[in-house]
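Engineer: Fold the following for me, if possible:
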Amino acid sequence: MFARAFGPFFTIVPSIVAVRATTQMPVLLHEFASDPMWQWVLGAVLLMWGSVIIAFHQYWRSLAAILVSLLGWFLAIRGLLILAIPNVYNSAGNALEHNAVPLVRAIFAGVALVGLYLTYVGWIAKPKPQDLRMPRVIKHPDLRRAEILDRASALFVQRGYDNVSLNDLIADAGVSKGAFYHWFPSKDELITALAERSARDQFAAIEGATAQCRGNALDRLNALLQAGFDVKMRMGTPEHLAAMVSLLRPENAHLYGRIVAVSEDLVRPLLARVISDGVQEGVLHTFDPEGVADMILGLSARVNANVAQIVDATDESAREHAIDVLTSRLKLHGLAVDRILELPDGSLTVLDRAQVEIMVAALPCNY
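Structural biologist: Numbering: from 1, shown residues only. Here you go, the predicted structure:
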């Protein structure tokens, strides 16, 4: 682009200057030296255009690119000198005016040749194949990190957590190992980051559903619990649960605990606040709303063993029985919280068998 613009200009103008150096140059230099306004204007214009070229043309990969870059520095330095030390510049001009017209012609003829070459590169020469490649796009770090998480999530769903190595993640992300480790020092750190992002998205939906509920505190509590299931369905949790099922095993208890804690830390304050509101309204009864919130979250996190039993089932009958056990366990948890809050049995919303089947539908079978 710069070669196409500056090539013709630096071909035509220096050529004319070289031809008319004897007749017009002395007059122009005299007028320039006698009126300071021209010094300010010319210096500012040269400095501005030189700065523009330097800022937008930071390339040194070819002769044309080098010439354009040097041209930018030449204009900027020349403009700065005219503004800063005009007397020195004028003295040099006077010397050229009286003694070195041939040198002036030679200099401007050289600049004209450079302009002619840039004109050829910009308007006539065909670009090389490597010049036709799309320029490398530098993305914001947060955007790049989000893309890595998206690709990692898709890879886990496609292959399963155990079948994806750290090298697989790096290769699929298309970044260097150094860049990957900068964001995610380990596979566990990446999983935790995925859990944090998912938990934030889920919590936003849960918080919104709770705020939109216009009923009493029990209604808001049930809206919160129902929204937790609904948002999991929208975000593809069954598929992600299937991909990460190995994290439910005892040997991965530490990582599982980190993942659960991420979600609990977000939901706990909201859950405790709704229960506390229910106590003030007289709908719920407890002396420790935060403790009940902890209990609800703890009971929810403890069903990992029941989910693992579904995966370990050796036949269809055993799988159906494991789903029944999980459904019953969730019902028991709901009844326990009902009685702690002095509510009639069945007041709290829990997943029924149909919802449990949907949640575990994508889990692998071992038969």
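
Engineer: got a list of contacts for the helix or strand containing residue 182?
Structural biologist: In this structure, residue 182 sits in helix 177-183 according to DSSP states H and E. Contacts with helix 177-183, where a contact means CB atoms under 8 Å, 6 or more residues apart in numbering, come from 144, 145, 148, 169, 170, 173, 193. C-beta here means a position set from N, CA and C on the backbone, and glycine is covered the same way.

Engineer: Stretch 194-206 now?
Structural biologist: Residues contacting stretch 194-206 (CB under 8 Å, 6+ apart): 146, 149, 152-153, 224, 227-228, 230-232, 234-235, 240, 258-259, 262-263, 266-267, 270.

Engineer: which among the residues you listed end up buried?
Structural biologist: Buried members of the contacts of stretch 194-206, scored by 16 or more other CB atoms under 10 Å, are 149, 152-153, 224, 227-228, 231-232, 240, 258-259, 262-263, 266-267, 270.

Engineer: which parts of the longest helix along the chain are buried?
Structural biologist: Looking across the chain with DSSP state H, the single longest helix is helix 253-281. The neighbour-count check on helix 253-281 (16+ other CB under 10 Å) flags 255-256, 258-264, 266-268, 270-279 as buried.

Engineer: helices and strands around that helix, which ones?
Structural biologist: Packed against helix 253-281, as judged by 3 or more CB pairs under 8 Å, 6 or more residues apart in numbering; DSSP states H and E, are the following elements: helix 187-212, helix 217-234, helix 289-301.

Engineer: shaky segments in the stretch 101-250 of the chain?
Structural biologist: 101, 103-104, 125-140 (pLDDT under 70).

Engineer: how about the helices in the stretch 51-200 of the chain?
Structural biologist: 63-84, 86-99, 101-119, 141-159, 166-173, 177-183, 187-212 (DSSP state H, counting those that start in this stretch).

Engineer: Columns distance to residue 249 on top of those, output as JSON lines?
Structural biologist: Listed next are the helices of the stretch 51-200 of the chain as JSON lines, based on distance: least, CB to CB, whole Å:
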{"stretch": "helix 63-84", "distance to residue 249": "58"}
{"stretch": "helix 86-99", "distance to residue 249": "79"}
{"stretch": "helix 101-119", "distance to residue 249": "67"}
{"stretch": "helix 141-159", "distance to residue 249": "16"}
{"stretch": "helix 166-173", "distance to residue 249": "19"}
{"stretch": "helix 177-183", "distance to residue 249": "26"}
{"stretch": "helix 187-212", "distance to residue 249": "14"}
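
Engineer: Tell me which of the ones you listed approaches residue 297 most closely.
Structural biologist: Closest approach to residue 297 among the helices of the stretch 51-200 of the chain is made by helix 187-212 (12.2 Å; CB to CB).

Engineer: domain parsing for this protein?
Structural biologist: Split into domains by automatic domain parsing, the chain comes to 2-132, 186-360.

Engineer: Any chance of the ones you listed in CSV with distance to residue 367 as columns?
Structural biologist: Below are the domains of the chain laid out as CSV (distance: least, CB to CB, whole Å):
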stretch, distance to residue 367
domain 2-132, 56
domain 186-360, 5
